[in-house]
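A.B. asks: Here's a sequence, model it:
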Amino acid sequence: MLTDAEWKELASVDLDNAFIESYIKKKDATDASGNSKGDDGCVVGGVDAIDDHCSMRTVCDSFVQTFLADDTIGTLHYLLQDCSGSLEDIAEILRRFIDNLESTRKEIDDVRTRLHRVTLQLGNAASTERVLWAVAERMVVPPQVVRSLMQETGEGLGTDFKASVKQLLTTLRRCQKETSVSLTKETRSGCRTDCNAASTTSSGGSGSSGQVGQLSRKECKVYSEQLELLTRLTVHACIKAKRYLSKKIALLSRKNTNVSIQQDHILKPYAFCSYLIDEALVLLAPSDVTNGSEQGNPDSPAMKSYYIVRTLHGELRNEYCDIMSKLYLERICDYVMTLNAMEDSGSNADRTVSDKGPAVPWAYELPLITDEERPGANSPFVLGDRLAILRNILDPPLVPAVEQAKWRLHSYEETFRSMNRLICDAVTHEFIFTYTFFSGDMSVFVEVFKPTMQFIVDYVAEVLLAQDSGRGDSVWRSLHDQYPQATVNSVCCSDCYGLLLMIRLCHDFNSLMKDVRRISCLEGFYDSLLLQLWPSFQQTFERQVRALRSCDVTALAQMLLQPKDTQGVSDWVARVHPLTKHYTAFTISLVAITNGCGFNPTESGFTRTNPLTSTSVLEQGSSTDACAASGSDAAAKDDISFEEMQQFAWRAIEAERASDMADSTSRFAVLAGNLSFLRVEVERLLRNISTSLLEITLCDPDTQHQRNLSFLLNNVHYVVSEWLAACPNGDTAIFGAEYPALVELEKTLRGDLVLEIVRYHFPLIHRALEEDEQIDVIAVAEVFHHKWKSVLKELCINVRSLMGTEERREELLAQVCTEVLLWNTRFYECVAKADTSNGSSGPSAGNFTVTNQQILQHIRSLAAVVEGG
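C.D. replies: Reported below is the predicted structural model:
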């Protein structure tokens, strides 16, 4: 209801009938104008607009009738005033509520801010705890490790010490490598951080975290203190390990003990101690030292610790090198000099053994090839049993006590073989042991064997080759008083076979180490030996060459003659000259020694190779070099598999091996060239000897040429047959190009001899076949028809007198008979042609024809007579 005040306000409004009607009309006009603004005068709203207008007028009429018709207008006014007051109260309440809400929101924001700050602090604290725990876990050594390293026990360093050393080195390595802490924040949650220990070389965080900063450990006092503690603990562990290893190394010098067994059982279980010192030397090295200079402060704790460990490192190696070098030197010296006193050579035979020892069936100093043949079954140029040493290269070395107990002597080559076999075994074991025990430090192995290798080189030079070095500290002078029964070898320097055998042994043992055991550590040692042995061998070989160049041909011819040969009997044509025998045995021996030099490892073992016939070595080396070059180009690509890289590595290794093989066989190639020169010189001398023999023995001038050919053929065939018999499995390739050259020479001499024999016994037929116009073919046919049997008999006798063996006689006779049949066939054609040209004026040629069947039948009858007689 309206209040009185409201009614008073409404009463002041003048609402007469004219005002109300004008308002209604204006309202109707406004509505009508609004409806007329539709699309092109179209009526908008339709029936609904009219209904709304009517209803509005109805409401207004009822309102006027209700409130303006009587005194209720005041009531309406008061009611409106009450509503206005209520609304103001409500607005005030709402304003207060809004103020309360704003203060509450601010309080919530403050709480949220404080909560975020507390959460961040708690997260950082947890992350810091994790970082500190990780750092402490990687830097702090556990107490049990410290106790294990610091306690002094009289017992050995057991597994606890080994495990403690491993953990100590791991911790020290981490401290040296990880010098900063990288702090990272998780970006997914936006309110947490994560701190991870990282090295200075670590990359940025992952895609889900961003780097906030890095904290350097070196700036932390606790890091410096902990690093100093680790350094002192490491130095103490190194001192303890070095003292213990020194005691163990000293045990290796015990007499009558096996060094290899002592190393495996005494030192090898404690290789971790040596590894500790090696690793500590690297980890404790200051940055100035690692950069190549030592200009740091020597009084600083870091430098002092480094100097202590470096001193321990050097002392350990020096102690081991001193003991092992003396040990190997003494034992190798004793072994070699003891075997030297048991050698059966011209200078020291029967020094330490009884006369019951069998004599060695070979000569150490070869006579000249041009010397006379010595009486006896075996030629001094025959290698004989000396070749057995090559078949037993890998046999165990001689044991002096066993050899003395069995009263056996041996050659100096066997001493050399046993010495090298012992050296290779010792070097192999020592190389593997030092490489493992001293963490791949090769200088230890070199220092250990340097005195021993020098002793062997000096022994070969002074004792075997009798070369006086002129030094006051020579091997012979220093060991002569200790081993008075050993003597200088006086025959080795002039023993051609012995020197070549030792050269071969050097190549074989060097190949054994490189190709079979894959340990390339004795190349320099064997190069030093070969530099001494090759010149000495070359001198003995050139001695034979000079003998061939400066020999007296007449004296050589006299060697072959017997008293009856000077009276016109020419049996010398079927003999083999001593020069040929010496040359054959000499070349067979040289080739037998050099054949199969070196080893090639295979799946089932290893096989021998031949340096004289390895003509493809250089080609193989060039091809492998090309492969290696192509491999290096391919290796430059970004994507390369491990298998391809492995193939490239093997190709490079094979190229190096081929290069080494080419270097080692170059001198053998020179030797092969010298053998070719020997063959040419021997051929020349045999021709000159044959000419001289023809002059001395007063042979028929008509038979001199065939005698000359027969002598050369017999000697060449002797060489070829002996070479073929000496070839294993008939493989003549071991003689290189010399064997084919001699075979071709033999064929040429045999063909010339066959033609000369047939020409000598059938001169008229030869003239007829040569179409001599001055000869009557029919008359020749008549003569041949009457004398062919007697001529064939003389031919067979002559052929048998020209060859030295029955087999050679049969071969030559068969070839001569074949040539006779060919001549007879050709001569029959000449006779038929002559008979046709003469017509019926002369005798018929058919009466003088001798068929090949008749000749063959007669030859068989002659052969039967010879066999029966």
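
A.B. asks: what about Leu464, how many residues close to it?
C.D. replies: Leu464: 25 surrounding residues under other C-beta atoms under 10 Å. Heads up, the C-betas are built off the backbone N, CA and C, glycines and all.

A.B. asks: what packs against the helix or strand that contains Ile93?
C.D. replies: When elements are defined using DSSP states H and E, Ile93 is found to belong to helix 72-139. Judged by 3 or more C-beta pairs under 8 Å, 6 or more residues apart in numbering; DSSP states H and E, the packing partners of helix 72-139 are helix 4-11, helix 159-177, strand 180-186, strand 192-198, helix 221-250.

A.B. asks: what's the neighbour count on Val446?
C.D. replies: By other C-beta under 10 Å, the residues close to Val446 number 14.

A.B. asks: lowest-confidence stretch among the helices and strands packed on helix 72-139?
C.D. replies: Mean pLDDT per stretch puts strand 192-198 lowest among those, at a mean of 42.

A.B. asks: picking up where we left off before, let me know the next secondary structure element after the helix holding Ile93.
C.D. replies: Toward the C-terminus, helix 72-139 is succeeded by helix 143-150 as the next helix or strand (DSSP H and E).

A.B. asks: Quick one: mean pLDDT for that following helix?
C.D. replies: If you average the pLDDT over helix 143-150, you get 80.

A.B. asks: neighbouring contacts of that helix?
C.D. replies: Taking C-beta atoms under 8 Å, 6 or more residues apart in numbering as the criterion, the residues outside helix 143-150 that touch it are 160-161, 163-165, 167-168, 233, 236-237, 240.

A.B. asks: What's the PyMOL syntax to select whichever of those residues are buried?
C.D. replies: Those of the contacts of helix 143-150 that count as buried under 16 or more other C-beta atoms under 10 Å are selected in PyMOL with:
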select buried, resi 161+164+165+167+168+233+237+240
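
A.B. asks: closest to Lys247 among the contacts of helix 143-150?
C.D. replies: Checking the contacts of helix 143-150 against Lys247 with C-beta to C-beta, the nearest one is Lys240 at 11.5 Å.

A.B. asks: Contact partners for the closest one?
C.D. replies: The contact partners of Lys240, by C-beta under 8 Å, 6+ apart, come to 149, 157.

A.B. asks: Which secondary structure element is home to the residue lying closest to Ile432 once chain neighbours are set aside?
C.D. replies: For Ile432, ignoring the flanking residues on the chain, the nearest one in space by C-beta to C-beta, 6 or more residues apart in numbering is Ile519 at 8.0 Å. Using DSSP H and E, Ile519 sits in no helix or strand.

A.B. asks: How many residues are close by Ile519?
C.D. replies: One way to gauge burial is a neighbour count; for Ile519, by other C-beta under 10 Å, it gives 15.

A.B. asks: got a list of what it touches?
C.D. replies: Ile519 neighbours (C-beta under 8 Å, 6+ apart): 427-428, 431-432, 513.

A.B. asks: Can you pick out the most distant pair from the residues you listed?
C.D. replies: Within those, Ile432 and Met513 form the most distant pair, 12.2 Å apart (C-beta to C-beta).

A.B. asks: Quick check on these two: which one has the bigger neighbour count.
C.D. replies: Shown here are Ile432 and Met513; by other C-beta under 10 Å, Met513 has more neighbours (23 against 14).

A.B. asks: you'd agree that one is up against His507?
C.D. replies: No. Met513 is not in contact with His507 according to C-beta atoms under 8 Å; the separation is 11.1 Å.

A.B. asks: quick one: Leu531 and Val457, what's the gap?
C.D. replies: 9 Å (C-beta to C-beta, to the nearest Å).

A.B. asks: Settle it for me: which of the two has more neighbours?
C.D. replies: Neighbour comparison, Leu531 and Val457: the larger count goes to Val457, with 16 against 11 (by other C-beta under 10 Å).

A.B. asks: per-residue pLDDT, the more buried one?
C.D. replies: In the prediction, the pLDDT value recorded for Val457 is 92.

A.B. asks: For it, list the residues it contacts.
C.D. replies: With C-beta under 8 Å, 6+ apart as the criterion, the residues that contact Val457 are 525, 528-529, 532.

A.B. asks: Low-confidence regions, the stretch 751-869 of the chain specifically.
C.D. replies: The model of the stretch 751-869 of the chain has pLDDT under 70 over residues 772-774, 835, 837-848, 865-869.

A.B. asks: again, only this time at 80
C.D. replies: 771-777, 785, 831, 833-850, 862-869 (pLDDT under 80).

A.B. asks: what helix or strand is Ala585 on?
C.D. replies: helix 578-594.

A.B. asks: name the helices or strands packed onto that helix?
C.D. replies: The elements that helix 578-594 packs onto, with contact taken as 3+ C-beta pairs under 8 Å, 6+ apart, are helix 496-511, helix 553-560, helix 642-696, helix 704-726.

A.B. asks: Reformat these as TSV; add distance to Ile277, mean pLDDT and mean neighbour count.
C.D. replies: TSV is the format used below for the helices and strands packed on helix 578-594 (distance: least, C-beta to C-beta, whole Å; pLDDT from 0 to 100; neighbours: other C-beta atoms under 10 Å):
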stretch	distance to Ile277	mean pLDDT	mean neighbour count
helix 496-511	34	91	25
helix 553-560	74	87	17
helix 642-696	32	75	17
helix 704-726	59	91	21
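
A.B. asks: out of the ones you listed, nearest to Glu810?
C.D. replies: With C-beta to C-beta, the closest approach to Glu810 among these belongs to helix 704-726: 13.4 Å.

A.B. asks: I'd like to know which elements the closest one is packed against.
C.D. replies: Taking 3+ C-beta pairs under 8 Å, 6+ apart as contact, the helices and strands that helix 704-726 lies on are helix 578-594, helix 642-696, helix 738-761, helix 777-802.

A.B. asks: relative to helix 578-594, how tilted is the third one?
C.D. replies: Same thing as helix 738-761. 160 degrees (axes from the mean of the first three to the mean of the last three C-alpha atoms, to 10 degrees).

A.B. asks: In terms of secondary structure, what does the helix or strand following helix 738-761 contact?
C.D. replies: Next in sequence after helix 738-761, counting helices and strands by DSSP H and E, comes helix 763-769. Judged by 3+ C-beta pairs under 8 Å, 6+ apart, the packing partners of helix 763-769 are helix 777-802, helix 806-838.

A.B. asks: buried ones in the shortest one?
C.D. replies: So that's helix 777-802. Of all the residues in helix 777-802, those buried under the rule 16+ other C-beta under 10 Å are 777-778, 780-782, 784, 788, 792, 795-796, 798-800, 802.

A.B. asks: Spell out which residues make up each domain of this protein.
C.D. replies: With automatic domain parsing serving as the domain definition, the record reports that the chain contains domains spanning 1-122, 140-177+220-318, 342-550, 563-751, 762-869.

A.B. asks: Next, count neighbours for Tyr307.
C.D. replies: The criterion is other C-beta under 10 Å. On that basis, Tyr307 has 14 neighbouring residues.

A.B. asks: Give me the pLDDT value at it.
C.D. replies: pLDDT, the model's per-residue confidence, is 88 for Tyr307.

A.B. asks: again, but for the one 3 residues further on
C.D. replies: According to the per-residue confidence, Arg310 scores 90 in pLDDT.

A.B. asks: What count of nearby residues applies to it?
C.D. replies: When neighbours are counted by other C-beta under 10 Å, Arg310 registers 16.

A.B. asks: what about it, helix or strand, and which?
C.D. replies: For Arg310, the element it lies in under DSSP H and E is helix 301-341.

A.B. asks: the inter-axis angle of that helix versus helix 221-250?
C.D. replies: Helix 301-341 and helix 221-250 are oriented at 10 degrees to each other (the same axes, to 10 degrees).

A.B. asks: Name the next helix or strand downstream of helix 301-341, please.
C.D. replies: Next along the chain from helix 301-341, counting by DSSP H and E, comes helix 388-391.
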